[in-house]
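> Have a look; sequence and predicted model below, questions after that.
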Amino acid sequence: MPGQVKVMGIVNVTPDSFSDGGRFLAPDAALAHARRLIAEGADILDIGAESTRPGSDPVPAEAEIARAVPLIAAIRAESDIAISIDTMKPQVARAAIAAGADIWNDVAALGFAPDAPAVAAELGCQVVLMHMQGEPRTMQASPHYDDVVGEVCAFLAARAQAALAAGVARDRIVLDPGIGFGKRPEHNLALIARLGEVAALGFPVLLGVSRKRFIAALDPVGGAALDGRLAGSLAAALAGVEKGAGILRVHDVAETVQALKVWGAIAAAR
Ligand code: HH2
């Protein structure tokens, strides 16, 4: 039911994230942004210290930790909101959880380092397993699928099995089709339209469509600038909710909360 959908607000402490890179790099600005998203109704804050936008370069673990951990500790000192750390690296996840984070959001689905599944099991935190074809630096060069929904579902099922085999508890696993990660616009649209097939794998589903480039592919003029993609982001998010998304990863928390309220009230009035 839409009423139970959780909103994950994005707080990037990166110089180069695709939508807000550099804006919140200073610790005070990041904390102020986190406070604002909490006030707007976020259920979870997703802290990212390494951009995964197409073409982005990797960041050393020490730099990610230096950016993310003080912010996580500062948020935790004043709020009990759920916090996730958006990282592929086990050592960053470990430091973030120690500082008070609750969720490891891994765009590499615990596949970046050999010890990632074991570390996730040891930490005992919730873990988001996301599909990506390739790696951020090169993933948009020539994405190809014969059956995008089938291949993404098979990958996610296999990664969930790997996590379970390493000792991650079943109720700690969340799946994400990875909108925009090694995908053309038509792949993203098919994954949203058929998100029910991801949900049918039996785990909660996270969907991240906020301000992504497929919106500009559908509306090249209005969606050219990132701040022109809010309406498309909300449309895609609600389409995903209809198909079973349980967590929405978004930049625009207040607007998403309002859209979900209206959507949920209409659903309840049926
Ligand atoms: N998208 C981005 C980053 N992390 N995590 C999950 N689980 N799902 C997503 O769709 C997802 C994600 C996008 O990357 P980035 O370039 O860092 O930009 P931003 O964080 O502003 O969305």
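In hand now; what should we look at?
> C-alpha only now, for contacts and for neighbours.
Fine.
> In the stretch 51-200 of the chain, what residue lies closest to the ligand?
residue 53 (3.3 Å; C-alpha to the nearest ligand atom).
> Quick check, that residue in contact with residue 136.
Yes - the pair residue 53 and residue 136 qualifies as a contact (C-alpha atoms under 8 Å) at a distance of 6.2 Å.
> one step back: okay, and the residue of the stretch 51-200 of the chain closest to the ligand sits in which element?
Using DSSP states H and E, no element contains residue 53; it sits outside every helix and strand.
> Quick check on it: phi, psi?
Backbone torsions for residue 53, taken as degrees, to the nearest 10, come to phi -60, psi 150.
> Show the end-to-end separation of stretch 221-230, please.
Taking C-alpha to C-alpha, to the nearest Å, stretch 221-230 runs 14 Å from one end to the other.
> any idea how far it is from the chain center?
Centroid separation for stretch 221-230 versus its chain: 20 Å, with C-alpha atoms, centre = their mean, to the nearest Å.
> Can you tell me what sits against that stretch?
Stretch 221-230 is touched from outside by 19, 210-212, 215-217, 252, with contacts defined as C-alpha atoms under 8 Å, 6 or more residues apart in numbering.
> Please, where are all the strands along the stretch 101-250 of the chain?
Secondary structure of the stretch 101-250 of the chain (DSSP state E, counting those that start in this stretch): strands at 103-106, 126-130, 173-176, 206-207, 247-250.
> any idea of the mean pLDDT in the top strand by length along the chain?
Looking across the chain with DSSP state E, the single longest strand is strand 6-12. Averaging pLDDT along strand 6-12 yields 97.
> what lines up beside that strand in the sheet?
Sheet pairing of strand 6-12 (DSSP bridges) gives strand 44-48 (parallel), strand 247-250 (parallel).
> For residue 256, see how far away the closest residue to the ligand within the stretch 101-250 of the chain is.
In the stretch 101-250 of the chain, the residue that lies nearest the ligand is residue 208 (3.5 Å; C-alpha to the nearest ligand atom). Distance of residue 208 to residue 256, computed by C-alpha to C-alpha: 12 Å.
> Spit out the residues that contact those two alike.
In contact with both residue 208 and residue 256: residue 250, using C-alpha under 8 Å, 6+ apart.
> Show me which residues of the stretch 151-270 of the chain sit near the ligand.
For the stretch 151-270 of the chain, the contact set with the ligand under C-alpha under 6 Å from any ligand atom comprises 176, 178-179, 208.
> filter those to the buried ones?
Burial by neighbour count, 16 or more other C-alpha atoms under 10 Å: within those this picks out 176, 178-179, 208.
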